[in-house]
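A.B. asks: Dropping the sequence and predicted coords here.
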Amino acid sequence: MDKLLRQRWAKPVVFALCLLPLAWLAGRALTDGLGANPIEAAVRFLGDWALRFLLIALAVTPVRQIFGWPGLARFRRMLGLFAFFYVVVHLSSYIGLDQFFDWPSIGREIVKRRYITIGMAAVVLLLPLAVTSTNAMVRRLGGRRWRNLHRLVYLIGPLGVTHHWMMVKKDLTEPMIHAAILAALLGWRVLAARKAARHNGGTTAAKPESACAAQSRSSS
Amino acid sequence: MLLRTEPRIRESEVTDKSLWLDRRRFLALGAAGAVAASAWPARSAPLAGLVKSPYRVDETPTSLKDVTHYNNFYEFGTDKSDPAQMAPSYFGKPPKPWMVTVSGECGKPGSVSYDDLIKPHALEERIYRLRCVEAWSMVIPWVGVPLAEVLKRFEPNSKAKYVEFTTLVDPDRFPGQRVAMLDWPYVEGLRLDEAMHPLALLAVGLYGEELLPQNGAPIRLVVPWKYGFKSIKSIVGIRFADKPVRTTWMKAGPREYGYYANVNPQVDHPRWSQASERRIGEFRRRETLPFNGYAEQVAGLYSGMDLAVNF
C-alpha cells in the first residue's frame, strides 16, 4: 500500500477522486436529478462533503501511523484543501442559490441561527489554514508556529459536526456518525500525545505528530 | 447551474397502476417489480363527481410529481423521498374497509368506515397553498369534504372544545414506525372553532385522483393556514376533547413546535426563518404571508391572542 501511495500518478488520481462528488452533483443538477427542492439538495450535499473531507483530512495522520503508511502524508495538504474547497462551494451555494445574495437576510441568519453562526465561525477559522497551506508560508511562519496555527482544525472539526447536528430536524443518525468518527480521530491524538509525553519523561509538551515534518516530507 | 427539464419517460417505463398498487402481486414480482414500481408516473384512481369550490388560489399548482415525491411523512422514513419510495411496496392500497373511530365529547361516537364518513358529502376540489414549517411551500389542488360538515354529524356536545386526530399505527405498512423516531401514533389537534372553519378540509384526493399513500391515503386533514405538520395523514381516530392534546411535534420539540402552528412570518422557528419560503419549482424565495395568505378568513379566530406566545 505504501508503495502505491508513493507512485507519481497517485496524487493526480486522488485529486480526481476528490472531484467526484462535485461532478456527481453537477450531473444530477443538469439532468433534473436533485428532486423537488434542488437548491436545498445541493446545499446539503455540498455541506455533507465538506464535513466528510474535513474528517478524511483529519484521518490522514492516525491512519498513516496506525497502518505504517508514511506515503500517506503527502496527501494531507491536498485533502485539507479539498475540505476547504467544499466548504467554500457549500457556503457559496447557500449565499448564491439559497439566499440569492440577499445580504441583509444572510446577516440576520448568521446572527440569529446558532447553527449558521457556528458554521460561519468554522469557515472563518479555516481561512488562515488555507492561506498558510503553501510551503513558503510554512517556512515563513516556522514549523512550531505553523503547527500551532493548524491545531485550529481540532476546533473546526467539532464546529462543523455541531453545525450539521443542530441543523438536522429529527433524524440524528448522520451527525452522530460524524461525531463518532471525529471523536475517534481526536481521541487517538490525545492518546498519542499522552504516550509521547511519557516517552519524553512527561516534561515537554505533547508532540504526537510533527506537522512540519509531514509538510517537509510532502514538499519533495 | 440548475436546469430543470421535463422528465422524459418512455411508455415502456410506465408501470400499470393496478400492478404497483397491489402489494401482494408487487412482492411476487420481486426485483423486476421493484424496478418497475419505482418508475414515474404512478397514477391513482380518478375521483368522480367533483365540484369546483370557490376556494382556489390563483397560483400555478405544484407539479403532480413534486407533490407526490417530496413529502414529510416520517411513518415511511425521515427523508422526503422515502414516502414515495416506500409506499408502493409497504403500504400498497389502504385496507378496506378503512375504519375511523370517533370518540369523546359527542352524541354519536362509534366506528365509521371511509364510505360512511365521506360518501354523504359532495367532493370538492380546492386549490390551497401548503406551507411547510421547513420554509418550503406548494400549491395543491386537493379533493375533499369540509371538515365541519363531517364533524357536525357526530354531534359534538358543549364540553367539546378541541378535536384530536390520530394516524394509523401499523409498522407493516409504515416501516418508519419500526423505530421510535417520533412518539407514535402521530397525533394532531385543533380548537373546535378552527376545525369548524370552512377552510378546514378532510382531503381524500389531489389532482382529481385518490390520495396516494405518501400523501396520507385514504383520509387526511388539510388546514391551509397552518404549517404542514398540522395536516395529519392517514387518519384512523377523531376525538372530541375538553382539553388540547399534546401533539406529536410538541412532544418532539416543545420549543420548536406549538399547538397552533399558524403560518406566521413574524415568529421565527429556531431553525428556520419563517419570513420567506421557497415555492417548490421556483428559484427565488418568496415572502411568506401571515396565515399563509388566509388572514382575511381566519385571523378573527385568534383576535386578542399573542401569537408569539401561542406559536
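C.D. replies: In hand now; what should we look at? Numbers count the residues shown, from 1 in each chain, chains lettered A, B, ... in the order given.

A.B. asks: okay, CA-based contacts and neighbour counts for the rest of this
C.D. replies: OK.

A.B. asks: So A:F100 sits against B:R286, correct?
C.D. replies: No: the criterion here is C-alpha atoms under 8 Å, and A:F100 misses it with B:R286 at 11.2 Å.

A.B. asks: per-residue pLDDT, B:K233?
C.D. replies: In this model, B:K233 is scored at 98, pLDDT.

A.B. asks: Let me know how buried it is, in neighbour terms.
C.D. replies: Using other C-alpha atoms under 10 Å in any protein chain shown, B:K233 has 28 other residues around it.

A.B. asks: need the contact list for it.
C.D. replies: Listed by C-alpha atoms under 8 Å, 6 or more residues apart in numbering or on different chains, the contact set of B:K233 reads B:T167, B:N215, B:G216, B:A217, B:I219, B:R220, B:L221.

A.B. asks: in the sheet, who's paired with the last one?
C.D. replies: Spelled out, that is B:L221. B:L202 (DSSP bridges).

A.B. asks: now do the first one
C.D. replies: When assigned by DSSP bridges, B:T167 has beta-bridge partners B:I235.

A.B. asks: can you name the two of the contacts of B:K233 that are farthest apart?
C.D. replies: Farthest pair in the contacts of B:K233 (C-alpha to C-alpha) is B:T167 and B:N215. Separation: 12.6 Å.

A.B. asks: Have a look at the two and say which one is more surrounded.
C.D. replies: B:N215 (27 against 22).

A.B. asks: okay, now the residue nearest to that one when sequence neighbours are not counted: neighbour count?
C.D. replies: Spatial nearest neighbour of B:N215, excluding adjacent residues (C-alpha to C-alpha, 6 or more residues apart in numbering or on different chains): B:T68 at 6.6 Å. B:T68 has 20 neighbours, counted by other C-alpha under 10 Å.

A.B. asks: which residues touch B:T68?
C.D. replies: Here B:T68 is in contact with B:A84, B:L212, B:Q214, B:N215 (criterion: C-alpha under 8 Å, 6+ apart).

A.B. asks: and the helix or strand harbouring the first one, average pLDDT?
C.D. replies: If I follow you right, that is B:A84. Here B:A84 sits within helix B:82-90, counting by DSSP states H and E. Helix B:82-90 shows a mean pLDDT of 95.

A.B. asks: who does whichever helix or strand comes after that helix pair up with?
C.D. replies: Later in the chain than helix B:82-90, the nearest helix or strand by DSSP H and E is strand B:99-104. Using DSSP bridges, the strands paired with strand B:99-104 are strand B:110-113 (antiparallel), strand B:235-241 (parallel).

A.B. asks: any idea which of those strands is most buried?
C.D. replies: strand B:235-241 (a mean of 22; mean count of other C-alpha atoms under 10 Å in any protein chain shown).

A.B. asks: So which residues make contact with that strand?
C.D. replies: Under C-alpha under 8 Å, 6+ apart, the answer for strand B:235-241 is B:98-106, B:156, B:159-168, B:216, B:218-221.

A.B. asks: likewise stretch B:143-151?
C.D. replies: Contacts for stretch B:143-151 (C-alpha under 8 Å, 6+ apart): B:50, B:117-118, B:121-126, B:195-209.

A.B. asks: rerun that using 7 Å as the cut-off
C.D. replies: The contact list for stretch B:143-151 (C-alpha atoms under 7 Å, 6 or more residues apart in numbering or on different chains) reads B:121-126, B:195-198, B:200-206, B:208.

A.B. asks: Generate a PyMOL selection restricted to the buried entries among those.
C.D. replies: Here is the PyMOL selection string for the buried members of the contacts of stretch B:143-151, based on 16 or more other C-alpha atoms under 10 Å in any protein chain shown:
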select buried, chain B and resi 123+124+125+126+195+196+197+198+200+201+202+203+204+205+206+208
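
A.B. asks: Give me the subset of the contacts of stretch B:143-151 lying in strands.
C.D. replies: B:E124, B:E125, B:R126, B:L201, B:L202, B:A203, B:V204, B:G205, B:L206 (DSSP state E).

A.B. asks: and which of those is nearest to A:V138?
C.D. replies: Closest to A:V138, out of all of the ones in strands among the contacts of stretch B:143-151 and judged by C-alpha to C-alpha, is B:L206, at 62.9 Å.

A.B. asks: So what pairs up with the residue lying closest to that closest one once chain neighbours are set aside in the strands?
C.D. replies: Leaving aside its sequence neighbours, B:L206 sits nearest to B:W142 (C-alpha to C-alpha, 6+ apart; 4.2 Å). Counting by DSSP bridges, B:W142 forms beta bridges with B:R126, B:L206.

A.B. asks: Next, the contact list for B:W142, please.
C.D. replies: With C-alpha under 7 Å, 6+ apart, B:W142 has these contacts: B:E125, B:R126, B:I127, B:A203, B:G205, B:L206, B:Y207.

A.B. asks: how about a cut-off of 10 Å?
C.D. replies: Contact analysis of B:W142 by C-alpha atoms under 10 Å, 6 or more residues apart in numbering or on different chains lists B:56, B:123-128, B:201-211, B:222.

A.B. asks: repeat for A:P21
C.D. replies: By C-alpha under 10 Å, 6+ apart, the neighbours of A:P21 are A:G27, A:F45, A:L46, A:W49, A:Y86.
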